[in-house]
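fold the following for me, if possible:
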Amino acid sequence: MMHTPSITKDEIALLPTEEYKGRIIVIDKKKDAGLAVEYLSKYLKVGFDTETRPSFKKGQRFKVALIQISTEDVCFLFRLNKIGIPHSLENFLSDDSIQKIGLSLRDDFGAVRKRTNAELSNFLDLQDYVGRFGIIDASLQKIYAILFGKKISKGQRLTNWEADTLSESQKKYAALDAWACLVIYNQLNKE
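Here you go, the predicted structure:
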């Protein structure tokens, strides 16, 4: 099925806002990472995203603070600034049998590689994938709007992802991005 190839920012502004309604589980202790990975390993496909604390100073760069991995109804937020990348998570990211679906993965990979030398395996970048379905827009917000007629708010993107405690809106924003990658992929493959 061919889709509208693109959508404007003005058209997106008129759409209702999508909200993540699944469970969100924050992983900020190393001992919890293994259980989360064990749960996620039961799935063949998951959504994937990362968040990094924004820098407003020239030359200042922060390491990736958060990896989000989502199924259709639960999203795990791994707080890397608190736990690093535990072996269980490294193994998951390099597991060939589980497809991780993200968007604009080159940036995510660059960020993750600053924390681990694990071989990242079986990732699918939606930016390269949606063209097969006639979609030329490559941002998550635009792809989601074209497929589902809803907008993904970017209001939390520039917040502090290394905060002591993540706010509810930060958690929902982070979960929504990873979850949206998975549901976009599933929707395209249903058609």
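
please enumerate the helices of this protein.
Assigned by DSSP state H, the helices in the chain fall at 9-13, 30-40, 80-83, 87-93, 105-113, 126-129, 140-148, 168-190.

select, out of the ones you listed, the one closest to Gly22.
Of all these, it is helix 168-190 that lies closest to Gly22, at 6.4 Å by Cβ to Cβ. For glycine as for every other residue, the C-beta is placed from the backbone atoms N, C-alpha and C.

run the chain-centre distance for the closest one.
7 Å (Cα atoms, centre = their mean, to the nearest Å).

same question for stretch 105-118.
14 Å.

that older thread, can I get the helices of the chain in TSV with mean neighbour count?
Formatted as TSV, the helices of the chain follow (neighbours: other Cβ atoms under 10 Å):
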stretch	mean neighbour count
helix 9-13	12
helix 30-40	16
helix 80-83	19
helix 87-93	20
helix 105-113	16
helix 126-129	18
helix 140-148	22
helix 168-190	20
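
okay if I get these as a markdown table plus mean pLDDT?
Listed next are the helices of the chain as a markdown table, based on pLDDT from 0 to 100:
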| stretch | mean pLDDT |
| --- | --- |
| helix 9-13 | 88 |
| helix 30-40 | 96 |
| helix 80-83 | 95 |
| helix 87-93 | 95 |
| helix 105-113 | 88 |
| helix 126-129 | 92 |
| helix 140-148 | 93 |
| helix 168-190 | 94 |
